[in-house]
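# I would like the atomic coordinates for the input below:
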Amino acid sequence: MKTTFIFRATCIILALAAPLITLAQTNTPAGSTTSGGIFNGTKDYKTFSIGVNGGLLAPVSPTGGSNDFTKWKASAGYGAYVKWQILHALGIRADYIGGKLKGDNTKELGNGKMPNRPIESFETSLKWSAALSAVVNVATINWLYKQNFVQIYVSAGGGLAGYSPKITPANGTEKEYKPNGSIKELIIPVGAGLKFKLSDMVNLDLGYTIHFLDGDNLDGFNYGPNHDKYSYGYAGLEFSLGPTHKPQLTWNNPAKVMYDDLAAQKAALQTELESSRSANARLSADVDKLLKDSDGDGVSDFFDKCPGTAQGTKVDGGGCDLPKDTTPRVTKVVQQITEDDRRLVREAIQNLEFETGKASIKPRSYPSLDRVAELLNTKGFSLKLAGHTDNVGTDAKNMVLSKDRAESVKQYLVSKGANPSRIEATGYGETQPIASNKTAAGRQKNRRVEFTLY
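Numbers count the residues shown, from 1 in each chain. Alright, predicted model coming up:
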């Protein structure tokens, strides 16, 4: 049999639509919704849709063997479906189709003769055709254009068809092929189509589906070894269900979404980098300002109260000249420490007493300390004061108390004219006992300030 009208019409539609594929994909309509994210499931997309369509039904197929009648007639058909888009490229569609199928033997055979068959014509009422099919979008990932607005799809599935054929025998009257009811048979629908995105809610759907039946009853005439089949070429509208701000999953281009995500990340990193560069520039300027020392006196210009100091001049923390020491330098004779000197210091240690738990020196210790101050002034000796305590109280408090007591002795000696730069006061707390802290006598010995001349 020659190529059918439906097959020719489908080929023409696909050929005419081919130039539109490039045109539609290179232009993004204003106001279109933004694609959802990837690797987040389908929550960002609309996945359900319904469709209605109308077209032509014919008891013929471009493939699958010959037909029982030499001439088929195209009749009006109608259909509807519900589709669930599972993945970008895969959906599940439940279809319903109804209409009429017609054919007769008025067309000559290939040898030019009229067919001699007992059945002259038939008319079948396709009451319903229900099928569940997998729909695969071809080339969902588009590396040429960011937006998809035209797609080609193929489908295949299985279902049931309920129909009632009427046949007209040669030289007879029309009658029911099965007088007592409709025929139900398994069908295998295989199809292809072209879909255009009209808006975020509506798609134009052009398709062609061949239905292979598991029987030879569709036309009421069993002729030849092949089972019956019928085709449905249609045009219709598909309406997506869900919030208007969500895009349709079927039109989503993962390559475009990934590109947009990477571009957004790049822009965010670029902004962060520029911000970091600005902050670093400000920080560098502040550091340079703090470190700049125009006169080279060791004090930065930011803190220098006396800029322009001469090179090599000694300055204080504010960058100003230190006062000149005009005191005549007197060469002192180094004195030797005698046994009398050591005895005098030992007496001061033995007579030194403090208020209990305090750093206050008792007045009866003053005379011996006065003699030590006079010794330091006369002979120019240096003195190291080491404060110690017993273990009564906490370590921290004892350390502070020992230091305070040594400082009290130093302050007293300085008040009597001793040179403070030649006196060193240090506290050791309870770390260096000279007697046991378990007895009162031992703790008394440990509460001391040691004097060391040098």
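
# let me know the pLDDT of Phe149.
The model reports Phe149 with a pLDDT of 84.

# my read is that it contacts Gln248, right?
No: Phe149 lies out of contact with Gln248 (C-beta atoms under 8 Å); the separation is 11.2 Å. The C-beta positions use only the backbone N, C-alpha and C, and glycine is treated the same way.

# give the intersection of the neighbour lists for those two.
Common contact partners of Phe149 and Gln248 (C-beta atoms under 8 Å, 6 or more residues apart in numbering): Lys197.

# where does Gly64 land on pLDDT?
For Gly64, the pLDDT comes out at 62.

# so how far is Met258 from the residue nearest the centre of the chain?
In the chain, the residue lying closest to the centroid (C-alpha atoms, centre = their mean) is Gln265, at 9.2 Å. Going from Gln265 to Met258 by C-beta to C-beta, to the nearest Å gives 11 Å.

# quick one on the thing from earlier: the residue nearest to the centre of the chain should be in a helix, yeah?
Yes: judged by DSSP: H, G, I helix; E, B strand; the rest coil, Gln265 forms part of a helix.

# distance of it relative to Phe39?
Distance check for Gln265 against Phe39: by C-beta to C-beta, it reads 14 Å.

# check Thr439 too.
In terms of C-beta to C-beta, Thr439 sits 79 Å off from Phe39.

# and His88, by the same measure?
Counting by C-beta to C-beta - His88 and Phe39 are separated by 12 Å.

# of the two, who's got more company?
A side-by-side neighbour count of His88 and Phe39, using other C-beta atoms under 10 Å, places His88 first with 20 against 8.

# skipping its backbone neighbours, what lies nearest that one in space?
Thr140 (4.7 Å; C-beta to C-beta, 6 or more residues apart in numbering).

# what residue ranges in the protein are flagged as low confidence?
For the chain, the stretches flagged by pLDDT under 70 are 1-38, 64-66, 325, 328-334.

# mind jotting down where the helices sit in it?
Per DSSP state H, the chain carries helices over the ranges 5-26, 254-291, 339-351, 366-379, 395-415, 440-446.

# deepest of those helices, which one?
Of those, the one with the most neighbours on average (mean count of other C-beta atoms under 10 Å) is helix 395-415, at a mean of 19.

# with only the CA atoms kept, save that helix in PDB.
The C-alpha trace of helix 395-415 is given here as PDB (Å, rounded to 0.1, in the frame of the first residue of the first chain):
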ATOM      1  CA  ASP A 395      49.500  30.100  95.800                       C
ATOM      2  CA  ALA A 396      48.300  33.200  93.900                       C
ATOM      3  CA  LYS A 397      47.700  35.300  97.000                       C
ATOM      4  CA  ASN A 398      51.100  34.200  98.500                       C
ATOM      5  CA  MET A 399      52.900  35.200  95.300                       C
ATOM      6  CA  VAL A 400      51.300  38.700  95.400                       C
ATOM      7  CA  LEU A 401      52.000  39.100  99.100                       C
ATOM      8  CA  SER A 402      55.700  38.100  98.700                       C
ATOM      9  CA  LYS A 403      56.100  40.600  95.900                       C
ATOM     10  CA  ASP A 404      54.300  43.400  97.800                       C
ATOM     11  CA  ARG A 405      56.500  42.900 100.900                       C
ATOM     12  CA  ALA A 406      59.700  43.000  98.800                       C
ATOM     13  CA  GLU A 407      58.400  46.200  97.100                       C
ATOM     14  CA  SER A 408      57.500  47.700 100.500                       C
ATOM     15  CA  VAL A 409      61.100  47.300 101.700                       C
ATOM     16  CA  LYS A 410      62.400  48.800  98.400                       C
ATOM     17  CA  GLN A 411      60.100  51.800  98.700                       C
ATOM     18  CA  TYR A 412      61.200  52.400 102.300                       C
ATOM     19  CA  LEU A 413      64.900  52.300 101.300                       C
ATOM     20  CA  VAL A 414      64.200  54.600  98.400                       C
ATOM     21  CA  SER A 415      62.400  57.000 100.800                       C
END
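
# so how far is that helix off the chain centroid?
In this view, helix 395-415 has its centroid 62 Å away from the chain centroid, taken as C-alpha atoms, centre = their mean, to the nearest Å.

# who does it touch, helix- and strand-wise?
Packing contacts for helix 395-415, counted by 3 or more C-beta pairs under 8 Å, 6 or more residues apart in numbering; DSSP states H and E, involve helix 366-379, strand 383-388, strand 423-427, strand 448-453.
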